[in-house]
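**Q** What follows is a predicted protein model with its sequence.
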Amino acid sequence: MKKVLVTGSQGFLGSYICRDLLAKDYQVLGVDNYSKYGKIERSHDGHPNFKILEMDLDKPVPGDALDEWNAFEPDYIICAAAMIGGIGYFHKYAYDLLATNERILGTTFDKGISSKDTCKRIIVLSSSMAFENTKSFPTKEEEITKCPPPFSTYGFQKLACEYFAKGAWEQYGLPYTIIRPFNCVGVGEHFFGEESEKLNLGHVLPSLIYKILSNQNPVEILGDGNQVRCFTNGVDFARGVRMALESDKAFNEDFNLSISKPLSILELAKMIWEKLREGEDFNYKSTPAFAHDVQLRVADVTKAKEILGFTAEISIEESINEVIEHVRELYFKESLNG
C-alpha cells in the first residue's frame, strides 16, 4: 500500500484529496493545525488507512507529532497546507500570508528532501493566481515563464511554491509535479457568514449563496461582476491530483486542473438567484473592487487532458446545488426546521 503525506489534510482542498486517495486504497498521513476551521469533522476521519497529526508546520515544536512526522517515510507528499481565503483575505493578511506560507513550504520541502530515497515525488498546489498578469487566454501552462510575476503577495507566494519545487529538484534531485487549481468549489468550506461577508474573506460561490439566502436585495457583488472564472468542483480537482500523482508522465511537469467552461461572477449570481428566488427580479449593486482582482482567469486544459487523461466532469449547476445545501445546513438549519 503506497503511503501519501498530505499537509493541510483537514482543509477545503486537502479533505477532498484525502477522501479520493483513501477510496483508491492509499495509506494517508494527514497533517493539520486546525487553524482555519477548527476541529470540524471530515468524512475521511476515522478511516482505517488515515491518521492525522495535529501539528503546526509554520513553527513545528518538539513532541510526539514532530517525531512521527520525521519517522514517516512517504511515497508521495502533497502540499495542500496554506493560509488561504477569498480576495479580501489576500489583502487583510498580505504579509502574514506570504511569510506563513513560506515557512510551511520550507518545513514540507525539508521533509521531502530528507525522504528523497523513498519519496517518488512532491505534489505542489500552486494557483491560477500565479498567472495574475497574463494577457493570454485561455492560459497555457507555458505562459508561467512568459507573463510578468504577480502583483499580489498571494499570487507571488504561489509562484514561489513552484520555485521551491524547481530548486529542490535542481539541488537535491527531489522530483515534483506542479498543480494549478482554478477556483475550486464544493462543500467543506466554513469561512463565510457575517464577519466574512463584511471583509469579503470567503470564496465567491458560498458567499453569494449566503447573501441570497439571507435575503440580501440587491445582492452585493465585488466590482462590476464581469470578472470571469472557471469553477472547478473539488471532487474533480482531487481526482486530477491523484491522476498526476499516479502518472510517470507528470514527472517534473505542471498542469492546469480546471473545468473548461468559464463564467462571470454576475452570471454565477444570477444562476444562484434563479434557483433560490425563482420568479423574482434579480437586482445587484457593485461594491468597490480590490486591487489585483483579476478580470479574466481561464485555463487551457489541453495538457492535463492529453497527458493525464483528465477532464473535469461536474458542471457548475451541480456544484451550485451542493453548495446551496451545504450553506443551508451550516447557517440556516434553524430556519429550515422552523
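**A** Perfect, I can see it now. Fair warning: this is a prediction, and the values are worked out from it, not measured in the lab.
**Q** For the stretch 51-200 of the chain, give me the ranges with low pLDDT.
**A** 191-200 (pLDDT under 70).
**Q** Contact partners for the most centrally placed residue in the chain?
**A** Geometric centre of the chain, nearest residue: Leu13, 4.9 Å, by Cα atoms, centre = their mean. Contact analysis of Leu13 by Cβ atoms under 8 Å, 6 or more residues apart in numbering lists Ala80, Leu125, Pro181, Cys184, Gly234, Phe237, Ala238. In short, each C-beta sits where N, CA and C put it, glycine included.
**Q** For the helix or strand where it lies, output the C-alpha coordinates as CSV.
**A** Take DSSP states H and E as the rule and Leu13 turns out to sit in helix 12-23. Provided in CSV are the C-alpha atoms of helix 12-23 (Å, rounded to 0.1, in the frame of the first residue of the first chain):
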residue,chain,number,x,y,z
PHE,A,12,-11.1,22.5,2.0
LEU,A,13,-9.0,21.0,-0.8
GLY,A,14,-7.0,18.8,1.5
SER,A,15,-10.1,16.9,2.6
TYR,A,16,-11.2,16.3,-1.0
ILE,A,17,-7.7,14.9,-1.8
CYS,A,18,-7.6,12.6,1.3
ARG,A,19,-11.1,11.2,0.5
ASP,A,20,-10.1,10.5,-3.1
LEU,A,21,-6.8,8.8,-2.1
LEU,A,22,-8.4,6.7,0.6
ALA,A,23,-11.1,5.5,-1.8
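**Q** in the next helix or strand after that helix, what's buried?
**A** Downstream of helix 12-23, the next assigned helix or strand under DSSP H and E is strand 27-32. Neighbour-count burial for strand 27-32 flags Gln27, Val28, Leu29, Gly30, Val31, Asp32 (criterion: 16 or more other Cβ atoms under 10 Å).
**Q** so after whichever strand or helix holds Val235, what's the next helix or strand?
**A** If you go by DSSP H and E, Val235 is part of helix 234-246. Note on helix 234-246: by DSSP H and E, the next helix or strand toward the C-terminus is strand 253-257.
**Q** Show me what that next one is packed up against.
**A** Here strand 253-257 touches strand 176-181, helix 234-246, going by 3 or more Cβ pairs under 8 Å, 6 or more residues apart in numbering; DSSP states H and E.
**Q** what does the last one contact?
**A** It stands for helix 234-246. 4, 12-13, 16-17, 19-21, 24, 76, 78, 121, 123, 125, 177, 179, 181, 184-188, 250, 253, 255, 257, 259, 304, 308-310, 312-314.
**Q** Run the angle between that helix and strand 253-257 for me.
**A** Helix 234-246 runs at 170 degrees relative to strand 253-257, counting by axes from the mean of the first three to the mean of the last three Cα atoms, to 10 degrees.
**Q** And the helix holding Val235, how far out from the chain middle?
**A** Centre-to-centre, helix 234-246 and its host chain are 12 Å apart (Cα atoms, centre = their mean, to the nearest Å).
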